[in-house]
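Trainee: Sequence unavailable; structure follows:
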Ligand SMILES: *[C@@H]1O[C@H](CO)[C@@H](O)[C@H](O)[C@H]1NC(C)=O
Ligand SMILES: *[C@@H]1O[C@H](CO)[C@@H](O)[C@H](O)[C@H]1NC(C)=O
Ligand SMILES: *[C@@H]1O[C@H](CO)[C@@H](O)[C@H](O)[C@H]1NC(C)=O
Ligand SMILES: *[C@@H]1O[C@H](CO)[C@@H](O)[C@H](O)[C@H]1NC(C)=O
């Protein structure tokens with residue numbers, strides 16, 4: 001490629017470079033806790049420099065346009081998803097970026113053979129002495145020490161680049177970052193939230209009572225939700241016929257683990273043909289189905305997800321379990337995304353030691369899984385953060401990756417949270433950005449606020465009501481997570497219905513309480529029952545509540561919609577939001593018009609006719625979804 005560029009251009013560029021002023025590219029404002037500066041680094045020590053190049057088209061508007069092209073039902077390219085190689089190629093840094101950066105380095109006196117470009121074009125690599133690096137980046141390198149662990153780390157405080165190079169470089173390592181591996185994260189001072197760890201404050205289902213007698217009829221769905229009740233509520237009657245081509249992925253974060261004996265206890269009661277059936281385990285970063293600790297806090301989520309998902313898709317359809325993270329380090333959503341897409345591993349610098357599992361882990365899993373897994377058609381996750389737990393740069397990087405999965409034809413589902421307009425553990429925001437139970441500001445949940453995932457809320461069969469009566473927003477034990485993002489703009493697909501909600505049902509809250517700009521992403525997108533699930537946990541049946549329950553149920557239904565399309569030789573449904581919000585799908589959901597999602601000392605938002613930030617568009621009418629999606633291209 002480079003040889004095609006005329007020499008004239010090269011000469012012109014070289015001339016331009018000599019007059020390009022130096023500008024600061026990055027600066028660290030304070031040292032992380034426990035670290036102190038020890039000495040100036042030795043001038044002849046060698047630094048393995050890595051220049052991370054800017055990817056094209058990863059801004060939200062461009063991603064939405066690309067995704068609409070293959071996901072909007074009116075697009076001529078509907079369903080024409082991208083192969084992973086096309087995604088990698090499209091988002092690879094441009095030849096122009098590679099050329100500009102390598103030319104600049106060579107112009108500064110580094111021999112051609114010392115400069116290398118990674119296969120993905122994501123990185124330019126150069127081994128340079130400290131003295132050479134300090135001259136190149138106009139900076140000084142120091143050695144820092146971490147008192148508690150005795151580890152050392154090399155870094156600079158800030159560095160500069162010529163102005164014409166800045167647009168092409170996302171980040172350079174090692175420079176200002178302190179992503180030094182400190183071993184087991186529990187021992188570090190990091191404030192990260194570990195997904196999967198009981199009590200970590202992430203979404204987890206709630207156990208309300210043990211069940212002594214299970215109702216097998218439809219008369220008691222207001223007291224117990226069984227697979228039979230869900231089939232009646234949403235019209236689920238379907239036997240998969242294209243199962244070999246299809247897949248449903250359920251994601252769990254270690255130490256959460258299912259118990260085989262519990263699956264069989266559930267299957268014996270609700271579908272004996274499944275007794276002995278297990279999900280197909282795909283381990284990510286040392287993920288294990290641990291059997292060391294058994295109680296509801298460790299088994300509730302996985303058992304719930306797998307018992308209902310496997311039963312609803314029937315014994316015909318295999319379910320894949322993505323078990324993410326080892327028992328020492330644990331993991332985060334980024335660790336799964338690394339395994340689903342090899343190009344994500346280094347995208348904008350890769351994993352973040354504050355929030356992600358950093359592998360290889362010296363005291364745990366010795367590998368690092370990048371691109372080891374082919375994503376399932378539907379990937380259902382019942383875990384979540386508060387959006388405010390994470391920086392906008394971090395959430396934007398991850399959200400862009402969900403768009404890429406959508407381009408590849410993957411449906412990504414996330415539970416919307418169980419605390420109404422409050423965050424996990426019921427905390428709300430304070431004006432200074434901190435989160436406490438006394439906070440007054442609504443605290444939306446991530447990844448649900450990412451416009452490129454489908455967020456699933458929770459409903460209930462009202463007390464005393466029949467299975468054919470309209471459901472309400474869930475108001476038993478948990479409240480459906482919903483509201484408006486503080487970080488993501490409203491995507492086109494929901495503009496009409498959300499504006500209509502805000503006009504017809506103006507929320508009675510000041511703009512200091514929630515993002516009242518009328519221009520931010522509203523969630524959830526859809527919902528399903530999340531109350532009174534009969535779940536076998538640790539040898540007993542209990543009643544479980546949560547968007548943790550509704551999400552895999554929606555995942556099971558969408559998996560069978562995919563089955564119907566695959567049987568017709570069509571593509572999987574992929575990113576569903578542009579479709580489900582489109583006028584053609586208006587009749588495909590049971591509109592939920594009663595109930596609210598309290599939190600932060602308020603009643604929250606109100607469910608209403610049409611979309612609402614409590615139950616989204618409503619609950620699925622499964623036969624209608626199969627019919628409408630079978631008609632699409
Ligand atoms: C830098 O040095 C390391 C260790 O000698 C070597 O493995 C690597 O290939 C070198 N990288 C470049 C870009 O020369
Ligand atoms: C517990 O897990 C280990 C490792 O996954 C497995 O070898 C062992 O058989 C399990 N024990 C029981 C009682 O299931
Ligand atoms: C509201 O959301 C938008 C994104 O749509 C964001 O730019 C803005 O900062 C948010 N406002 C507040 C007060 O969080
Ligand atoms: C948001 O929409 C409501 C209802 O249409 C309107 O009253 C309000 O002024 C709008 N707010 C902004 C910031 O535009």
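Mentor: Arrived safely, thanks for sending. Every value quoted in this text rests on a predicted model; they were computed, and no experiment measured them. Ligands and ions are numbered 1, 2, ... in the order given.

Trainee: For the strand or helix carrying residue 565, which helices and strands make contact with it?
Mentor: Under the criterion of DSSP states H and E, residue 565 resides in helix 547-567. Judged by 3 or more CB pairs under 8 Å, 6 or more residues apart in numbering; DSSP states H and E, helix 547-567 is in contact with strand 248-253, helix 296-312, strand 378-381, strand 411-415, strand 454-460, strand 526-529, helix 622-631. In this view, the C-beta of every residue, glycine as well, is placed from N, C-alpha and C.

Trainee: how about the last one: buried residues?
Mentor: If I follow you right, that is helix 622-631. Within helix 622-631, the residues that count as buried by 16 or more other CB atoms under 10 Å are 622, 624-626, 628-629.

Trainee: closest to residue 123 among these?
Mentor: residue 629 (40.5 Å; CB to CB).

Trainee: Low-confidence ranges, the stretch 51-200 of the chain, go.
Mentor: Across the stretch 51-200 of the chain, the ranges flagged by pLDDT under 70 are 179-193, 200.

Trainee: let's go with 80 and repeat that
Mentor: Counting by pLDDT under 80, the stretch 51-200 of the chain has low-confidence residues at 120, 148-149, 177-194, 199-200.

Trainee: Which parts of it are strands?
Mentor: 115-117, 123-129, 142-146, 151-155, 158-162, 169-173 (DSSP state E, counting those that start in this stretch).

Trainee: want to throw the helices and strands packed on helix 547-567 into a markdown table with distance to residue 494 and mean pLDDT?
Mentor: Output for the helices and strands packed on helix 547-567, formatted as a markdown table (distance: least, CB to CB, whole Å; pLDDT from 0 to 100):
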| stretch | distance to residue 494 | mean pLDDT |
| --- | --- | --- |
| strand 248-253 | 25 | 98 |
| helix 296-312 | 27 | 97 |
| strand 378-381 | 21 | 98 |
| strand 411-415 | 16 | 98 |
| strand 454-460 | 11 | 98 |
| strand 526-529 | 12 | 98 |
| helix 622-631 | 18 | 98 |
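
Trainee: The closest residue to residue 83 other than its chain neighbours: neighbouring residues, count only.
Mentor: The shortest distance from residue 83 to any non-neighbouring residue, by CB to CB, 6 or more residues apart in numbering, is to residue 408 (7.5 Å). Residue 408 sits with 22 neighbouring residues when counted by other CB atoms under 10 Å.

Trainee: Same question for residue 209.
Mentor: For residue 209, the count of nearby residues is 11 (other CB under 10 Å).

Trainee: Over to residue 277?
Mentor: Residue 277 is flanked by 17 other residues according to other CB under 10 Å.

Trainee: sorry, back to before: intersect the buried residues of helix 622-631 with the contacts of ligand 3.
Mentor: With CB under 6 Å from any ligand atom as the criterion, the buried residues of helix 622-631 include none near ligand 3.

Trainee: dump the residue contacts of the residue of the stretch 1-150 of the chain found nearest ligand 3.
Mentor: Of all residues in the stretch 1-150 of the chain, the one sitting closest to ligand 3 is residue 60 (9.5 Å; CB to the nearest ligand atom). Neighbouring residues of residue 60 by CB atoms under 8 Å, 6 or more residues apart in numbering: 396, 399-400, 451, 488-489.

Trainee: same thing but at 10 Å, please
Mentor: Counting by CB atoms under 10 Å, 6 or more residues apart in numbering, residue 60 touches 396, 399-400, 403, 450-452, 488-489, 491, 521.

Trainee: Mark which of those residues are part of strands, please.
Mentor: Taking DSSP state E as the definition of strands, these contribute 488-489, 521.

Trainee: on that earlier part again, distance of the residue nearest to residue 83 relative to ligand 1?
Mentor: 31 Å (CB to the nearest ligand atom, to the nearest Å).

Trainee: Same question for residue 227.
Mentor: Taking CB to the nearest ligand atom, one finds residue 227 at 55 Å from ligand 1.

Trainee: Likewise for residue 270?
Mentor: 56 Å.

Trainee: need the residues of the chain near ligand 1, please.
Mentor: Contact residues (CB under 6 Å from any ligand atom) of the chain with ligand 1: 48, 114, 116, 125-127.

Trainee: which stretches of the stretch 201-350 of the chain form helices?
Mentor: 227-234, 260-270, 296-312, 333-340 (DSSP state H, counting those that start in this stretch).

Trainee: relative to helix 260-270, how tilted is the longest one?
Mentor: It stands for helix 296-312. Orientation of helix 296-312 against helix 260-270 (axes from the mean of the first three to the mean of the last three CA atoms, to 10 degrees) gives an angle of 40 degrees.
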